[in-house]
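**Q** show me how the following folds:
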Amino acid sequence: MDLHERPDGEFLRHPWELARRELFGRVLDRQGILSRTASMLDVGAGDAWLSRSLLSLARRPVDLVCWDAGYEQGELDAAADRVTERPGRCFDLVLMLDVLEHVSDDRSFLSDTVERNVVPGGHLLFSVPAWQGLFSGHDHRLGHHRRYHPRAARELIVSVGLSIVRAGGAFHSLLPVRWVSAVVERLRGSPGKDRSELCWQGSELSQRAVTWVLTREHQLSLALQAVGPELPGLSWWALCQKPF
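**A** Residues are numbered from 1 along each chain as shown. Next up, the predicted model:
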């Protein structure tokens, strides 16, 4: 969760965030990456919930560093794994999940991270919001500069010297929902209500139900990728590797 979205009190995490954790955990586990990873960098880590959750899948101790420029001194004092500046060493696995859309010069940022922070042969797990045509008030509130066409995201990854191990769309069922929302916003001429997007407003039971549906969707999507074309989704992700 982005730091500026985090509420002060207790809250229920959005099914989107819970299902995203299950998706990326499954991708990393199937490729056997977490079993080989000794160090991990979470770029733009936010509250670090996702990267810490992934550690439960690792089969060995993992040195985790969470890098986010938005950390305050109290957070740095309370969590030794948090830093506000780019670490000066390389890691086996780098997470860059929904980060590049916040960066004005996305190619330079990605290139610098790959060069400075990914070991030769190491992996980078990458995700971005998809389809610039869906850019809306939601993106403005979250500080996004852009959304990405999957083809453009692939070209960006390859341009910095990474190879793509596996990639695809995610949250396919939410794509038409966001499209309708963007159309309605344009017809009204004003953005929707500003609120924390990743705090679930419903009950815990409804949270579990929606998470279950989205998780099953991800499982089906991963299965179909092996035999058919890539399905469009609200997000696009890629597991990448740096050459040895």
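**Q** what ranges of the protein fall below the confidence cut-off?
**A** Scanning the chain for pLDDT under 70 picks out 1-9, 190-198.
**Q** in the protein, which spans are helices?
**A** Taking DSSP state H to define them, one finds helices in the chain at 15-30, 49-54, 73-78, 106-117, 137-141, 150-159, 174-188, 204-225.
**Q** could I get the ones you listed as TSV with mean neighbour count and distance to residue 129?
**A** Where C-beta positions appear, they are placed from N, C-alpha and C, glycine not excepted. Formatted as TSV, these follow (neighbours: other CB atoms under 10 Å; distance: least, CB to CB, whole Å):
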stretch	mean neighbour count	distance to residue 129
helix 15-30	19	11
helix 49-54	19	16
helix 73-78	10	26
helix 106-117	17	12
helix 137-141	16	7
helix 150-159	15	10
helix 174-188	13	9
helix 204-225	15	16
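**Q** just tell me which of those helices ends up closest to residue 167.
**A** Minimum separation from residue 167 across these (CB to CB) falls at helix 150-159, 7.0 Å.
**Q** quick check: angle from that closest one to helix 106-117?
**A** 40 degrees (axes from the mean of the first three to the mean of the last three CA atoms, to 10 degrees).
**Q** so what does helix 150-159 touch, helix or strand wise?
**A** Applying 3 or more CB pairs under 8 Å, 6 or more residues apart in numbering; DSSP states H and E, we find helix 150-159 packed against helix 106-117, strand 118-129, strand 163-170, strand 235-241.
**Q** just the angle between the second one and helix 174-188, please?
**A** In other words, strand 118-129. Using the same axes, to 10 degrees, strand 118-129 lies at 50 degrees relative to helix 174-188.
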